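In: From the sequence below, what's the structure:
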Amino acid sequence: MKSWMKLGWLLAAVALGGCATAPIGDESEIANNPWAVQSNAARPAAAPMAALGWHHLPFPGKTETRFRYARKDGRDAIAVQASSSASMLRSKVRIEPADLAGVRFSWKVPQLIAGADLASREADDSPVRIVLFFEGDRSRFSPRDAMTAELVRAVTGEEMPYATLMYVWCNRREPGTVINSPRTTRVRTMVVESGTQNLNQWLDYERDIRADFQRAFGEAPGALVGIGIMSDSDNTRSSAQAWYGPVRLHRAVLRN
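Out: Here you go, the predicted structure:
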């Protein structure tokens, strides 16, 4: 059940309303630091969103990943330390499908997690993840996904999002690879970095949310209702360190 617990709270993360105490610092530090201000600032002009700020979300039964504001190499960042742990920083948003555009993010990773495999139930860990949550028609769930949704509701008391798209750094799969969750087809992971060549340096990305969702799920996206950053090492019982730059939503998109 432990591996399902992380999935359940990940899928229900955007629906949770309460705030939680951050492992380092307090909630005001998470919500009001320069990284959070920059991450909340860039909004599509035609689609103002009701951003509720960034909050730490622990997963019951899991050791909490440690998040704190830091200046790293002249950049505002969130420093992350995962030690056999899993938790998330997340922000509720609402951007309607017609207004979905792009997302810019950056990260610096000194070392990958040995043995991590994003396609494996037992080794589904990553030093960095950008997580996007979407609305949609849940009546289209397959029988398996409907059962997963019932399990999520039973475990968390919340409805799971219609779809979750994650951008990750994978140990070995090529950038552009889409990985289906081993537990539900409603979670797809897109590899944007792979291997060890670019470790220990800042990497900047700009992604077209609509195009990536269409490629990952084979359908148009619904409204974007949440965004998060997540570093986890609980399945591999290992340690991971990383830094995230601000996460910015915007209108102009640089296409690959």
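In: what about the stretch 1-150 of the chain, any weak spots by pLDDT?
Out: 1-29, 31, 41-52 (pLDDT under 70).
In: now the strands for it?
Out: In the stretch 1-150 of the chain, the segments counted as strands under DSSP state E, counting those that start in this stretch are 55-58, 66-72, 75-83, 86-95, 102-108, 129-134.
In: Paired strands for the helix or strand that contains Trp243, with orientation please.
Out: If you go by DSSP states H and E, Trp243 is part of strand 239-244. Strand pairing for strand 239-244, determined by DSSP bridges: strand 75-83 (antiparallel), strand 102-108 (antiparallel).
In: Make CSV from the strands of the stretch 1-150 of the chain and add mean neighbour count and distance to Asn32 to it.
Out: Backbone N, C-alpha and C define where each C-beta goes, glycine included. Below are the strands of the stretch 1-150 of the chain laid out as CSV (neighbours: other CB atoms under 10 Å; distance: least, CB to CB, whole Å):
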stretch, mean neighbour count, distance to Asn32
strand 55-58, 21, 11
strand 66-72, 17, 9
strand 75-83, 21, 12
strand 86-95, 23, 13
strand 102-108, 21, 20
strand 129-134, 24, 21
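In: Can you say which of the ones you listed is nearest to His250?
Out: Nearest to His250, of all those, is strand 102-108, at 5.3 Å by CB to CB.
In: Can you list the neighbours in contact with the closest one?
Out: 42, 72-73, 75, 77, 128, 130, 132, 167, 169, 200-209, 227, 242-254 (CB atoms under 8 Å, 6 or more residues apart in numbering).
In: Of those, keep whichever come out buried.
Out: 75, 77, 128, 130, 132, 167, 169, 202-203, 205-209, 227, 242-249, 253 (16 or more other CB atoms under 10 Å).
In: How about Asp234, nearest residue that isn't a chain neighbour?
Out: Ala86 (4.4 Å; CB to CB, 6 or more residues apart in numbering).
In: wait, what's in contact with that neighbour?
Out: By CB under 8 Å, 6+ apart, the residues touching Ala86 are Lys6, Phe59, Lys62, Thr63, Thr65, Met230, Asp232, Ser233, Asp234.
In: Check Arg186 too.
Out: Leu11, Phe141, Asp145, Thr148, Met160, Pro161, Tyr162, Ala163, Thr164.
In: Identify the residue nearest the second one in space, chain neighbours excluded?
Out: Just to be clear, that refers to Phe141. Ala149 (6.2 Å).
In: Can you tell me the closest non-neighbouring residue to Pro161?
Out: Here the residue nearest Pro161, using CB to CB, 6+ apart, is Phe133, at 4.2 Å.
In: Ends of stretch 114-128, what's the gap?
Out: 14 Å (CA to CA, to the nearest Å).
In: still on that earlier bit, would you turn the strands of the stretch 1-150 of the chain into a markdown table with distance to Gly218?
Out: Output for the strands of the stretch 1-150 of the chain, formatted as a markdown table (distance: least, CB to CB, whole Å):
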| stretch | distance to Gly218 |
| --- | --- |
| strand 55-58 | 29 |
| strand 66-72 | 34 |
| strand 75-83 | 32 |
| strand 86-95 | 21 |
| strand 102-108 | 20 |
| strand 129-134 | 14 |
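In: Quick one: closest of these to Ala119.
Out: For Ala119, the closest of these is strand 129-134, at 14.5 Å, according to CB to CB.
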